[in-house]
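Trainee: got a predicted model here, sequence first, then my questions.
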Amino acid sequence: MSLMVLTGTGTGVGKTVVTAAVAALALAGRRSVAVLKPAQTGVGPDEPGDLDEVGRLAGDAVTTWELGRFPDPLAPNIAARRAGLPVVTPSQAAAAAVELSRGHDQVLVEGAGGLLVRFDDNGGTLADVAWSIGAPVLIVADAGLGTLNSTALTAEALRRRGIECAGVVVGSWPAEPDLAARCNLDDLPTAADAPLIGALPANAAALDRAEFLAVARRSLAPELGGEFDANGFSAEHAA
């Protein structure tokens, strides 16, 4: 998958850390990697954003490109309007992804929030970006209660648009998972109609770069460059 889009089932589910983990494994496999963030919201002009976090965790060799930055923690179209700045359109994001793909083995496009969060006032979304570049979408899901519904809704939106779902990754697996989280390991693939291909521990972002790479390898499946075994992980945490 030379082009892949990553979306969350909502905000704060670990999407940026998963993006960094996929990038780190690609770099470890001697692939050139670029990460595109079409719209960064909730961050000021001089503050570190999601791409800074990706570089810190995955390595300086990752090419990063942010198309728009808006300080209010809102949907990109609303944040752009409030800041008096031009929106980032899906066509601009798609063109940037294609441009990056000409010089990189792997291009990751990280969305803002969920799949259907609006980029512009014409209803353009991350789903439009994925569709226009023909890229599969990796769903980053929460671990606990409520995640099955949000995952199923995201997957249904992909299917209705003819977009491939690359799989589901739990973005922040708790150190002490509750009953809902443990049951969800078996039910997330059904909700998404796609395999569970990873589960990153909740403390992954606090690790140094070498430790992060080791955790990424254990926590992501072979199709993402790692060694994660969903059946074994589910058995280990069986409810």
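Mentor: Alright, I've got the coordinates.
Trainee: list the contacts of stretch 36-51.
Mentor: 16, 19, 35, 64-76, 79-80, 87-88, 92-93, 96-97, 100, 107-112, 119, 126, 129 (CB atoms under 8 Å, 6 or more residues apart in numbering). Where you see a C-beta, it was placed from the backbone N, CA and C, and this is true even at glycine.
Trainee: which among those end up buried?
Mentor: 16, 19, 35, 64-71, 74-76, 79-80, 87-88, 92-93, 96-97, 100, 107-112, 119, 126, 129 (16 or more other CB atoms under 10 Å).
Trainee: from those, which land in strands?
Mentor: 35, 64-70, 107-112 (DSSP state E).
Trainee: what's around residue 167, how many residues?
Mentor: 22 (other CB atoms under 10 Å).
Trainee: in three-state terms, label it for me.
Mentor: Following DSSP: H, G, I helix; E, B strand; the rest coil, residue 167 is assigned to strand.
Trainee: what does residue 116 give?
Mentor: Quick answer, by three-state DSSP: residue 116 is coil.
Trainee: not including adjacent chain positions, what is the nearest residue to it?
Mentor: In space, and not counting its chain neighbours, residue 116 is closest to residue 125: 4.9 Å by CB to CB, 6 or more residues apart in numbering.
Trainee: go on, residue 203?
Mentor: In space, residue 203 is closest to residue 175, 7.3 Å off (CB to CB, 6+ apart).
Trainee: stretch 182-196: which residues count as buried?
Mentor: 182, 183, 184, 185, 188, 189, 191, 192, 194, 196.
Trainee: among those residues, which two are most distant?
Mentor: 182 and 194 (19.8 Å; CB to CB).
Trainee: returning to what we had before: report the two of the ones in strands among the buried ones among the contacts of stretch 36-51 separated the most.
Mentor: Farthest pair in these (CB to CB) is 70 and 107. Separation: 22.8 Å.
Trainee: how about residue 183: what's its closest non-neighbour residue?
Mentor: Per CB to CB, 6+ apart, closest to residue 183 is residue 239, 4.8 Å.
Trainee: for the residue of the chain most remote from its centre, list the residues it contacts.
Mentor: Within the chain, the residue lying farthest from the chain centre (CA atoms, centre = their mean) is residue 84, at 27.5 Å. Applying CB under 8 Å, 6+ apart to residue 84 gives no contacts.
Trainee: could you check the pLDDT of it?
Mentor: As predicted, residue 84 sits at a pLDDT of 96.
Trainee: residue 178 versus residue 239, what's the distance?
Mentor: To residue 178, residue 239 is 10 Å away according to CB to CB, to the nearest Å.
Trainee: in the sheet, who's paired with the nearest residue to residue 85 once chain neighbours are set aside?
Mentor: Nearest in space to residue 85, with sequence neighbours left out and distances taken as CB to CB, 6+ apart, is residue 70 at 6.3 Å. Taking DSSP bridges, one obtains residue 41 as the residues bridged to residue 70.
Trainee: hmm, residue 77 and residue 70 touching each other?
Mentor: No - judged on CB atoms under 8 Å, residue 70 makes no contact with residue 77 at a distance of 9.3 Å.
Trainee: if we can go back for a sec, measure how buried the residue nearest to residue 116 is and give me the count.
Mentor: 23.
Trainee: isn't it right next to residue 131, touching?
Mentor: No - at 9.6 Å, residue 125 does not count as touching residue 131 under the criterion of CB under 8 Å.
Trainee: give me the common contacts of these two.
Mentor: Between them, residue 125 and residue 131 share no contacting residue, judged by CB under 8 Å, 6+ apart.
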